[in-house]
Structures are given as structure tokens and as C-alpha cells.
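Visitor: pasting a predicted model and its sequence here:
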Amino acid sequence: MKRTSIEPRRWLLPGALSAVLAGSGVWYGLIQQPRTTVEAPTPVTEHSVREETSSSSPSEAGVALHAETAEPEPANATTPKSLGSEPFAASLSGTDIDGALKADTNGELVINLQVRDFFDYFLSTVGEVSPETAIHQIHAMARTHLPEPASAQALALLDQYLAYKQASLSVMQTRLDPSREGDPAYQLSALGDAMTQLKELRQNTFSSDVHKAFFGLEESYSEYTLATLAIQQRSDLSEQGKQALLQWHRDQLPAELRETEQHLHASTVQQQARTAAINSAASPDAAGRQLAELGVDQDGVDSVVGYLKQREHFDQRFQDFQDAMDRESSSGLAEADLEKQREALLEQHFQEEQDRTWARLKLLDNS
């Protein structure tokens, strides 16, 4: 199965733009001794990764790497889909590797988003294992399963990705002005500035093909989200005008994202209509009829109507309970006696423990 804690396209969410301010390089400064012994070449530290990629050419690095491992698989090779039954980190147990490293028929590394996903799959274990251990595992996989020059290219790209993670911390740690952080326009401006800084950092760190492969879709969606937030804040547009502009921006998304976003938008509109039908209905049965007209199947209608009737019954019992409490409060009983009486009335009006819990919560809301 896929690892549930890693969502390969985690930025494909309505609030995704705020993720540019989320920490993603925390592991970088936590160097410690590996806690896991692995069946692979000598442990590789982040420092040694930099030395290899800066002091050796790809071909020289390849010779040094393969001196410690068995012969690589033939060209067009790829890393496996799983780490097996005993992965180096317990959290990876039972999961498939997210992403892959792959060589083409010429032995060159295939550059795509799967490479970034592959790096993130291993780096996400830092904290559970040391950074050295996670980085070493990536090295071992590249050396064992890729031919040259793909192996050396993958490790050089990993070094760039680590450097990007470190440099991005300064952007992610930028603090908002406390006096303005409640201002939506200021928030939007801060998000735009952070997105711009990250994009410039990526352009300066990676080649254009790597930048596009690793971050192209993410940046397209972030820019789309920024545009939609800006449109929603405008007071000079009618609601129809806003919807027309939002649809135009939706149509500009890359094909890989456009269908997903259209589906999310359609689902949101549909859900809003169903919620409005429930809120405006005069009774549970009326809500059921409106939901059926909006395409909800009979099982769904029955479950909603049943729930609304239960809540209606609960509200009536709660009103009776509160009326009884008001009578007791005016009887002159001491506070301790009133507390005992309240518990007795809860038992009387709400036989189920769950209902008594909801009643207590509602009392707190009312107070």
C-alpha cells in the first residue's frame, strides 16, 4: 500500500498556497549517529555527499560508488517499489516507495516528479532515524539499482535538493507583522511574496528541466490559488463576475490539474446546495425531499432525515431539561444541591450516555 503519511500531491488542496510557509527542512540540522544498521556500503553523511558531487565528475563519482557495490542493473533500470518486509524505519513497514529513480536506455537519469517524491519518501523518516541514515539509504538505492551516469546524476541532484531544503528555511521562517496579520490583504501579499521567493530560489538552485519537473505543477496550483484568493477579496466585482474570473483561471491550469480542480469545484457547489437545502427546510421530511431533487440517493436521504429527526427530538428534550433546571435554580437550593439535581435531571431526560454528553456540551455553549 501507499504510505498514508505521504500524499504525493499534497499541495492539490484548496488551502494549498499556505503550505509555502510550512516547515519542510527541519531534519536538516539534526545530525546524529545512525540508529539503524543497514546492509549497504559505508554510511554516507550529508557532508560527504557534497564532497563527492563537488570534487568529482559524474564519471569519477560513479567509479568510486560502484567500487563498493555489485554491478548495476542494465540500462533502463529503476529502483524497486518496496523496501521489503524489514525497512530501515518502522513507519515505512507495509508501504510502497513513493516515487522512483529510473534510468533511460542511454543510462541517463529520467527527470520527473517521481524523483522528488522518492527523495521525500526517505527524508520524511528523519526524526525516526538520523539524517545520515535516511540519506545513506537513498545512496544505497541509487548505487545498487541504477547504471552510470544515472547513479551519479541522482546523487548530485539529491545534493541540490538538500541545499534547497536548507535555503528554503529562511523563506518559511519569515514572520508576519503582528499588527497586520489579521488583514486579509496583507496575508495575501505575504503569501505572494513567499511564493515568489521560493520560485526564485528554485530557479537559482536547479536547472530549468529539474525545476519544472519538481515544482511546475505545484507552482501552477499555488499561482491559481493566489489568483482565486485575490478575486474573492475584490469588492468591485459582482458574484457572477467573480465566478466567471474564477472559471477562467481554472481553465488555465495544466491538464493534469484542471480535471481535478473542476471536480473539486463541482463537488463544493453541489455540497453547498445540499447544505442550503437542509438549512432552509421547514422539517426533516422537507429536507429529504429537497435532497432527493438534488440527486442524493434514497439511502442518503433516509440517513439525513433520520439524523435530523433525532436532533429535533434531542432539542425538544434539552428544552424540557433546561426548563426543569430553571425551576430548580429558582427554588433556593445551595450550589452543591443544584449540581446534584442537575445530574439527576440529566439522567431523567437523557437515558443514553452520548445524549448526556451532548447536553453537557450544549449547556457550556449556552453559558
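Guide: That came through, no problem.
Visitor: measure how buried His139 is and give me the count.
Guide: 25 (other CB atoms under 10 Å). (Glycine included, C-beta is placed from N, CA and C.)
Visitor: what's the helix or strand for it?
Guide: According to DSSP states H and E, His139 maps onto helix 131-145.
Visitor: and whatever helix or strand comes next after that helix, which residues are buried?
Guide: Per DSSP H and E, helix 131-145 leads on to helix 150-172 as the next helix or strand towards the C-terminus. Across helix 150-172, burial judged by 16 or more other CB atoms under 10 Å covers 150-159, 161-165, 167-168, 171-172.
Visitor: next helix or strand past helix 150-172?
Guide: helix 184-205.
Visitor: the residue nearest to Ile138 when sequence neighbours are not counted and His136: what is the separation?
Guide: Leaving aside its sequence neighbours, Ile138 sits nearest to Phe122 (CB to CB, 6 or more residues apart in numbering; 5.1 Å). Going from Phe122 to His136 by CB to CB, to the nearest Å gives 9 Å.
Visitor: now the strands for this structure?
Guide: Under the criterion DSSP state E, the chain carries no strands.
Visitor: all helices of it, in order?
Guide: 46-55, 58-66, 113-123, 131-145, 150-172, 184-205, 208-233, 239-251, 255-280, 284-293, 298-329, 335-349, 353-366 (DSSP state H).
Visitor: using CSV, lay out those together with distance to Leu101 and mean pLDDT.
Guide: Formatted as CSV, these follow (distance: least, CB to CB, whole Å; pLDDT from 0 to 100):
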stretch, distance to Leu101, mean pLDDT
helix 46-55, 15, 39
helix 58-66, 14, 35
helix 113-123, 6, 95
helix 131-145, 6, 94
helix 150-172, 5, 92
helix 184-205, 19, 88
helix 208-233, 13, 89
helix 239-251, 34, 82
helix 255-280, 21, 78
helix 284-293, 49, 89
helix 298-329, 45, 86
helix 335-349, 61, 82
helix 353-366, 51, 80
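Visitor: so which of these comes closest to Leu92?
Guide: For these, the distance to Leu92 is smallest for helix 113-123, at 7.9 Å, taking CB to CB.
Visitor: show me how far that closest one is from its chain's centre.
Guide: Offset of helix 113-123 from its chain centre (CA atoms, centre = their mean, to the nearest Å): 15 Å.
Visitor: what does stretch 338-354 give?
Guide: 42 Å.
Visitor: what's near enough to touch the residue nearest to Gln203 when sequence neighbours are not counted?
Guide: On the basis of CB to CB, 6+ apart, the spatially nearest residue to Gln203 that is not a chain neighbour turns out to be His211, at 5.8 Å. By CB atoms under 8 Å, 6 or more residues apart in numbering, the contact set of His211 is Arg202, Gln203, Thr205.
Visitor: from those residues, list just the buried residues.
Guide: Arg202, Thr205.
Visitor: was I right to think Ala134 contacts Phe119?
Guide: No. At 9.5 Å, Ala134 and Phe119 do not qualify as touching, with contact defined as CB atoms under 8 Å.
Visitor: count of neighbours near the closest residue to Val171 other than its chain neighbours?
Guide: Leaving aside its sequence neighbours, Val171 sits nearest to Gln197 (CB to CB, 6+ apart; 4.7 Å). Applying other CB under 10 Å, we find 16 residues neighbouring Gln197.
Visitor: how close does Gln197 get to Gln173?
Guide: In terms of CB to CB, Gln197 sits 12 Å off from Gln173.
Visitor: next, count neighbours for Ile97.
Guide: Residues near Ile97, counting by other CB under 10 Å: 22.
Visitor: same deal with Leu191?
Guide: 18.
Visitor: cool, and Glu335?
Guide: Around Glu335 there are 6 residues (other CB under 10 Å).
Visitor: how close does it get to Ala292?
Guide: Distance from Glu335 to Ala292, by CB to CB: 51 Å.
Visitor: and Ala282, by the same measure?
Guide: Applying CB to CB, the value for Ala282 to Ala292 is 16 Å.
Visitor: and the pLDDT for Glu7?
Guide: Looking at Glu7, its pLDDT reads 39.
Visitor: same question, Leu237
Guide: 84.
Visitor: what sits against it?
Guide: Applying CB under 8 Å, 6+ apart, the residues near Leu237 are Ile231, Leu245.
Visitor: Ala282 and Ala292: which has the busier surroundings?
Guide: Per other CB under 10 Å, whichever of Ala282 and Ala292 has more neighbours is Ala292, with 15 against 7.
Visitor: do I have it right that that one meets Val301?
Guide: Yes. Counting by CB under 8 Å, Val301 is a contact partner of Ala292 at 5.2 Å.
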